[in-house]
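Novice: Test case, fold it:
(2 chains)
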Amino acid sequence: MRNLPGKPVSAAVICALFSAAAVTAAFFAGPAGADPYIIWSIRAPRILLGFIVGAGLALSGAVLQSIMENPLAEPYVTGTSAGAALGAVSAIWLGLYPLRGVLAFGGGIAATAGVYLIASHSSRRSPQTLILAGVSISSLFSAFVLLIMVLSRESAYSILFFLTGNLQNATLTSNITAGAAVLAAGAVSLYYAGDLDILALGDEQAAFLGVDVEKARGVLLFSAALAVAGCVSAAGIIGFAGLIVPHIVRLTSGASHRRLIPLSALAGGGFLVLCDAAARSVAAPLELPVGVVTAFFGAPFFLYLLLRKV
Amino acid sequence: MIKAEGLKAGYRDFKIEGISLEVPPGSICVLAGPNASGKTTFLKAAGGLLPPLEGKVLVNGTGIHSLSPQERGRLVSYVPPEFHSSFPFTVQEMVLMGRNPYRGRFRGHGRKDLEEAGKALRAAGCSGFSRKSINRLSSGQRQLALIARAICQQTPVMLLDEPASHLDIAQTFRIYEILKSIASEGRTVIAVTHDLGSAAAYSDRIILMKDGRVRGFGRPREVIREDLLEETYGEKFEVKERDGRLFVRIERRNRKEMKSRNCGGSGGEIPPADRQW
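Specialist: Purely as a prediction, here's the structure:
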C-alpha cells in the first residue's frame, strides 16, 4: 500500500472534507429537490442513519482486519451479518415484523459468540481458525436464509429487500440503537488502538510486546460484532463499505489505528450517505438498494487500487 | 540475567526438558542445534509465552510465567525470524510499538516515547529509513528495524530467532556488532542461529541443543568441540583455531563411509552442506 506517512493532518482534512461534501450533497439530492419538510423529516434521519451505519461498518472492518491479521477481513466474515440476517429473516417469515431489529441484533451477537467458541475450543487457536469458523457459520446461516426465502413465497420480496440493504426505515429508535452500538464499538476500538496496531503483526510478536492477545482479540471481536449487529438490524446487509473504506483511508493516513479508526468512521459515514443519495436519485422514482450501489462504486474502485499495485 | 531451573515445556508431540542454565547479564548467548532440536520452543518458554510443565524461568530473579503480559513486556523483548505485514506501518511506528508495555490507554505517544524510539532507531542504524513503510524495506533493513523495536522495549533480556538467516556476510557482521553493543549495556542477548561460524566469532556463551535437551552449554571454546558437534549433528567436524578465532567445518566423508553409515544421525534430516572456512 502506498501511504504518505507523517501527514496525518492532511488525511484528517481529506476525510472531513469528503464527509462534509457527501452529507451536504445528500441533503439536496433527490427528486423532491430542496423542500424543507422533506429535508428535515425524511432526509435528515435517513442521512444520520446512513452516516452511523457507514461509520460502524468501516470501523469494524478496520478492527477485524487487524485482529484477524488479514486485509480481506470485513464485517461479514465473522458470521455476524449472516446471524443478523437469519434473525431478521426469521422475524419476517414468522410474521414478527416489528421484532426484526431485535432478532437481527440477537442473531448477529449469537452467531459471533458461536464462531468465537468454536475457534477458541479448536486445538489451533489462531486468527485463521477464527476466519474459517466464521466462513463456515456464515455459509450455514446463509443456507437457512435461502431456505426460508424459498419456503415463504409471499414474504420473499421483503426478505430480499432487507438482504440487499436499505436506509428507508430510518426512525428515531433505529438511529439511537445503531448509534449507541457504533459509539460503544468506536470507544472500545480507540481504547485498544495501540493493541490493534500490534495485533496486526501477529500473535507471537503481540504477546512479546505486552499485549494480552486472547483478551484483546475477544473484546475487539465482540465490540465489532456489536456495531455490525446494530447496523444490520437498522439497515440490512450493506456490503463492501467495511472492506474497502479502511483500505482507502490507509492510503492517506497510514496503518496506525489511532488515526485509522476515527478516519475510517468519518469516511465510511460519508461514503454510505453518498451511496444512499445516489440510490434514491439516479433511478427516481424507483429506489435502488443501497447495498447494490456500494458494490457498484466499491468493487471497481477496489479493483483499480489492486491493479495500481498499492 | 536469565536463569532456567529444571525447565520442561512444549507441545503434545514435542517437548524440551531438563533445562537448567544461567546466562549472565552483559553477554551474547547463541542457541544452536539441528532443526527441530527445540531452539524456538526454548525461546518461547524463556520469554514466558509457553507455560512450563515443570521448573521455572527467572529474569532478574522474577518468575517470568507469573507476570501479566505487560509486565513481561518490560523484561523480555523478541525479534522474530522473518516477517511480512499486510499493513503499511512505518519503521518509526513499528519501533514505537516497543513502548507498548509502558504506555497508558487512549493516549498517543508522548515526548518520552518519541525520544526512546529515536534513540533505538539510531542505535540500530535505522534513522535513514524511519519513515519508510516496513513492506518496502530490504531483509537487512527489516531485521534492523525489528532489532530497533526490541531496543526501544528496554528489556534486560532480548531474544532473537535467527536474526541473520537471510543476510549477507557483512549484514550479519553489522547485526552482531549491534547485539554486542546492546550486551555491553548490561543486557542479556540470546540469539538462535544455524551459523556456527558466527556463533564462535561473536558469542560469549553457546547453548547446543538436540532432541529437546541441552547437549552443551558454556564458552565457545568449551562447546565448539569436534566430539560434541559430531554427537549433536551426526557429521564429522573439524575445528581449528587461527589468530585466537575458532573456525568450524564439516569433514567430507569418503564414499564407502557414506554408504556404510545412515546419513542424518540427527533425527533423519539432510546433513548440512560442506562449509568453507
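Novice: Now do the same for the helix or strand encompassing A:V13: mean pLDDT, whole number.
Specialist: Remark: A:V13 resides in helix A:8-28, with elements defined by DSSP states H and E. Mean pLDDT, helix A:8-28: 84.
Novice: For residue 22, the count of nearby residues, please.
Specialist: I went with chain A, as the question did not name one. Using other Cβ atoms under 10 Å in any protein chain shown, the number of residues around A:A22 comes to 23. The C-beta positions use only the backbone N, C-alpha and C, and glycine is treated the same way.
Novice: nope, chain B
Specialist: So B:E22, with other Cβ under 10 Å, has 13 neighbours.
Novice: mind checking the SS state of the residue nearest to it when sequence neighbours are not counted?
Specialist: Leaving out its chain neighbours, the residue that sits closest to B:E22 by Cβ to Cβ, 6 or more residues apart in numbering or on different chains is B:K3, at 4.3 Å. Using DSSP: H, G, I helix; E, B strand; the rest coil, the structure places B:K3 in strand.
Novice: what does B:V30 give?
Specialist: strand.
Novice: check contacts around it.
Specialist: Applying Cβ atoms under 8 Å, 6 or more residues apart in numbering or on different chains, we find B:V30 in contact with B:I190, B:A191, B:V192, B:T193, B:S198, B:A199, B:Y202, B:S203, B:R205, B:I206, B:I207.
Novice: The same query, at a cut-off of 10 Å, please.
Specialist: B:160, B:176, B:179, B:189-193, B:195-196, B:198-208, B:220, B:223 (Cβ atoms under 10 Å, 6 or more residues apart in numbering or on different chains).
Novice: thinking again about what came up before, the residue nearest to B:E22 and B:E230, how far apart?
Specialist: For B:K3, the distance to B:E230 (Cβ to Cβ, to the nearest Å) stands at 29 Å.
Novice: and the residue nearest to B:E22, what does it touch?
Specialist: B:K3 neighbours (Cβ under 10 Å, 6+ apart): B:20-24, B:46, B:56-61, B:188.
Novice: and if you look at B:P163?
Specialist: So B:P163 contacts B:79-81, B:143-144, B:146-147, B:150, B:172, B:175-176, B:178-179, B:189, B:191-193, B:198 (Cβ under 10 Å, 6+ apart).
Novice: what about it, which SS state?
Specialist: coil.
Novice: Quick check: pLDDT value at it.
Specialist: 90.
Novice: Now it: phi and psi?
Specialist: phi -70, psi -20 (degrees, to the nearest 10).
Novice: Can you give me the distance of it to B:A124?
Specialist: Relative to B:A124, and taking Cβ to Cβ, B:P163 is found at 11 Å.
Novice: How about B:S27?
Specialist: From B:S27 to B:A124 the distance is 19 Å (Cβ to Cβ).
Novice: same deal with B:V192?
Specialist: Shown here: B:V192 relative to B:A124, a distance of 19 Å by Cβ to Cβ.
Novice: and those two? which has more neighbours close in?
Specialist: More crowded of B:V192 and B:A124, by other Cβ under 10 Å: B:A124, with 26 against 23.
Novice: give the contact list for the more buried one.
Specialist: Counting by Cβ under 10 Å, 6+ apart, B:A124 has contacts B:91, B:95, B:141, B:143-152, B:174-175, B:178, B:181-182.
Novice: from these, which are also near chain A?
Specialist: By Cβ under 10 Å from any Cβ of the partner chain, the members of the contacts of B:A124 lying near chain A are B:V91, B:L146, B:R149, B:A150.
Novice: What's the ChimeraX line that selects buried ones from these?
Specialist: In ChimeraX syntax, the buried subset of the ones next to chain A among the contacts of B:A124 is picked out as below (16 or more other Cβ atoms under 10 Å in any protein chain shown):
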select /B:91,146,149,150
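Novice: okay, the ones next to chain A among the contacts of B:A124 in a markdown table with secondary structure and pLDDT next?
Specialist: Output for these, formatted as a markdown table (DSSP: H, G, I helix; E, B strand; the rest coil; pLDDT from 0 to 100):
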| residue | secondary structure | pLDDT |
| --- | --- | --- |
| B:V91 | helix | 95 |
| B:L146 | helix | 95 |
| B:R149 | helix | 96 |
| B:A150 | helix | 96 |
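Novice: For A:A187, see how far away the closest residue to chain B within the stretch 151-300 of chain A is.
Specialist: For the stretch 151-300 of chain A and chain B, the shortest gap (Cβ to the nearest Cβ) falls at A:G210, measuring 2.5 Å. According to Cβ to Cβ, A:G210 and A:A187 sit 22 Å apart.
Novice: And the two? Which one has more around it.
Specialist: Neighbour comparison, A:G210 and A:A187: the larger count goes to A:G210, with 28 against 12 (by other Cβ under 10 Å).
Novice: Would you double-check that the more buried one falls in a strand?
Specialist: No - counting by three-state DSSP, A:G210 is not found in a strand; it is coil.
Novice: Give me the phi and psi for the residue lying closest to it once chain neighbours are set aside.
Specialist: The shortest distance from A:G210 to any non-neighbouring residue, by Cβ to Cβ, 6+ apart, is to B:G73 (2.5 Å). Backbone torsions for B:G73, taken as degrees, to the nearest 10, come to phi -60, psi -20.
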